[in-house]
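Participant: Got a predicted structure here, sequence first:
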Amino acid sequence: MANEKAVYEQLILPVETRMMRTIWRIVRQDQLAEDTLQDAMAIIWRKRNHIQQHPNPSALILKICLNCAYDSLRKRHRLRRQQDLTKLTASVIKARNNASQDLEQKQIVAEILNAIGRLPRKQALAVLMRIVQEQSYDVIAKSIGCSETTARIHVSRGRKRLSQWLVHLQSSSSKESQND
Amino acid sequence: MDDLLKQVFQDDLPPEIERRMKNQFIQFKENIERADQESDRTSRIIWQRFFKPISWDWLRWVIRKEVMAFSSMIMIIVGGFLHVSGHHNAMAKTLSFLNTSVSISNQVQEAKSMECKMQVTAEDGLHLTYTIRWFSPEMTRADVYEGEIAIKSLWVAGPEIVVADYINTTYHKYQSLEQIEDHEFMAVMGFLSPERLAAAIYKEWEPRQYRKNDQIQKGTYVYLNDGGKVALEMTVDMNTNLPVRIKKFAFDPTRTADAYELTMEAQFSWDKLNSPQHLIPQSQRDNLGAKDILKIRS
């Protein structure tokens, strides 16, 4: 039974750093990132036999991490929505009174995270793997379990939706870059 | 869009959080190693205890002809002694009572409707009277009376539970029976649905004595408390196996040591069609107001 340790060393050890960074890049909240990592490890360990047989175990592990991060984003979005409903007026007034650049930046980040959380799971994963992790379409396809063409479609549709939802942010960021 | 996303999802894991996450990996690895060691140890113990040849020595001794013959003789003698002395009755009685409990419980569980009139002696000496009606397994109405006056009503209709207080002219909705705060209903919680009463009969009440009355086709099961005193009596219709009367007794500490008083008596009528007027009309259920519900007072 000592091979459990060997399984860990074979599967998880080489990608520990990438797992942490992948989760952090998406979740961006300390406690939530730790919880997400724990969830991801539990899933990876439960599916370790399946992962071992996968043609690209590291990509599958990172996909599980992204999946858990996506779930955390949606969870965070739900919690935020509940709070907003109960304290809607107060938070709006406070935000308007303290409209500093820092707060604006935080709002942009929150808006993008929410938009990613609104995407269908496969589109969100494909976009994150392509843009954040810079994975090839071949790897994305193998991780999600679809053909390379379908992976391209997921990325393209995800990008398109994000562009539609976040069009106001794109224009403001391009203005900023022009000013710089 | 890609630049914006890359900017937001930039690779900037703070060192403090990285350290904490690394600790998670270390803990996870330690747990795996511990589980490995425990698993090895358990396997070793199981092997040592059961599969080592020395463990089977006793079996070799047991299956010797002389030992088996002697054991058989002893068992025949003990069996004969139990048969003659009548001790077998205790076992048979227990099995019979268990069978009865299951049978009564099943009948209660399957009952379509029921009306129960119950009189309860409260701790302050006052008497409360209850009328409990089951319309179906998930629809119940319970009314509490002080003398002739109805003071409270409880409706259970699936997930909806409503309590109306006629004295204070208030009503409350609850999500579960456990949330109800009106103490008047605490005494009758076990009678509010076929499932609850069936569970009490099967799981909590263990009959110890049985008195049969062939003339009226009824039998009474007696349940004792830990002190060996009569705590409850349930009279059952022998044809239907449904309870027709339940009496509960409690110790009165203000009197002599053996003073057990009747604290509750319930009379049951089974499968009696209850009029739907006793239920809250469906149309009013969603928008109940105190005035509406008080109109429903029977």
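Facilitator: Yep, that arrived.

Participant: Quick one: list the elements packing against whichever strand or helix holds B:Ile26.
Facilitator: Here B:Ile26, judged by DSSP states H and E, is contained in helix B:15-46. Secondary-structure packing of helix B:15-46 (3 or more Cβ pairs under 8 Å, 6 or more residues apart in numbering or on different chains; DSSP states H and E): helix A:3-11, helix A:16-27, helix A:30-46. For the C-beta atoms, the positions are set from N, CA and C on the backbone; glycine is no exception.

Participant: Tell me the buried residues in it?
Facilitator: Applying a neighbour-count criterion of 16 or more other Cβ atoms under 10 Å in any protein chain shown, one finds B:17, B:20-21, B:24-25, B:28-29, B:32 buried in helix B:15-46.

Participant: How far off centre is it?
Facilitator: Centroid separation for helix B:15-46 versus its chain: 41 Å, with Cα atoms, centre = their mean, to the nearest Å.

Participant: go on, stretch B:217-225?
Facilitator: 19 Å.

Participant: ok, residues contacting that stretch?
Facilitator: With contacts defined as Cβ atoms under 8 Å, 6 or more residues apart in numbering or on different chains, stretch B:217-225 is touched by B:97, B:100, B:205-213, B:230-239, B:244.

Participant: at 6 Å instead, please
Facilitator: Here stretch B:217-225 makes contact (Cβ atoms under 6 Å, 6 or more residues apart in numbering or on different chains) with B:205, B:207-212, B:230-239.

Participant: Report the contact partners of the residue nearest to the spatial centre of chain A.
Facilitator: With distances taken as Cα atoms, centre = their mean, chain A has A:Ile26 as the residue nearest its mean C-alpha position (3.9 Å). For A:Ile26, the contacting residues are A:Ala69, by Cβ under 6 Å, 6+ apart.

Participant: Report pLDDT for it.
Facilitator: Predicted confidence (pLDDT) for A:Ile26: 86.

Participant: what's the answer for B:Asp57, then?
Facilitator: So B:Asp57 comes in at 64 (pLDDT).

Participant: how about the helices in chain A?
Facilitator: Ranges of helices in chain A, per DSSP state H, are A:3-11, A:16-27, A:30-46, A:48-53, A:57-86, A:88-97, A:101-118, A:121-127, A:137-144, A:148-165, A:167-179.

Participant: mean pLDDT for these: which is lowest?
Facilitator: helix A:88-97 (a mean of 32).

Participant: Quick check: residues of chain A near chain B?
Facilitator: A:1-2, A:4-5, A:8, A:16, A:20-21, A:24-25, A:30, A:37, A:41, A:109, A:112, A:131-132, A:159, A:162-163, A:173 (Cβ under 6 Å from any Cβ of the partner chain).

Participant: what about burial for these, which qualify?
Facilitator: By neighbour count, with 16+ other Cβ under 10 Å, the residues of chain A next to chain B hold A:4, A:8, A:16, A:20-21, A:24-25, A:37, A:41, A:112, A:131-132, A:159, A:162, A:173 as buried.

Participant: ok so, going back, will you turn the helices and strands packed on helix B:15-46 into TSV that also has distance to B:Gln7?
Facilitator: Shown next, in TSV, are the helices and strands packed on helix B:15-46 (distance: least, Cβ to Cβ, whole Å):
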stretch	distance to B:Gln7
helix A:3-11	32
helix A:16-27	11
helix A:30-46	19
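
Participant: of those, which approaches A:Leu125 most closely?
Facilitator: helix A:16-27 (10.4 Å; Cβ to Cβ).

Participant: next one: phi and psi at the residue nearest to B:Met186 when sequence neighbours are not counted?
Facilitator: Nearest-residue entry for B:Met186: B:Ile180, 8.0 Å, with adjacent residues in sequence omitted and distances by Cβ to Cβ, 6 or more residues apart in numbering or on different chains. Phi and psi for B:Ile180, reported as degrees, to the nearest 10, are phi -60, psi 130.

Participant: in which helix or strand would I find B:Tyr221?
Facilitator: B:Tyr221 belongs to strand B:218-224, assigned by DSSP H and E.

Participant: Which strands border that strand, and is each parallel or antiparallel?
Facilitator: strand B:207-213 (antiparallel), strand B:230-237 (antiparallel) (DSSP bridges).

Participant: quick one: buried residues of that strand?
Facilitator: B:218-221, B:223.

Participant: out of those, who's nearest B:Gln119?
Facilitator: Taking the buried residues of strand B:218-224 together and measuring to B:Gln119 by Cβ to Cβ, the closest member is B:Thr220, at 18.3 Å.
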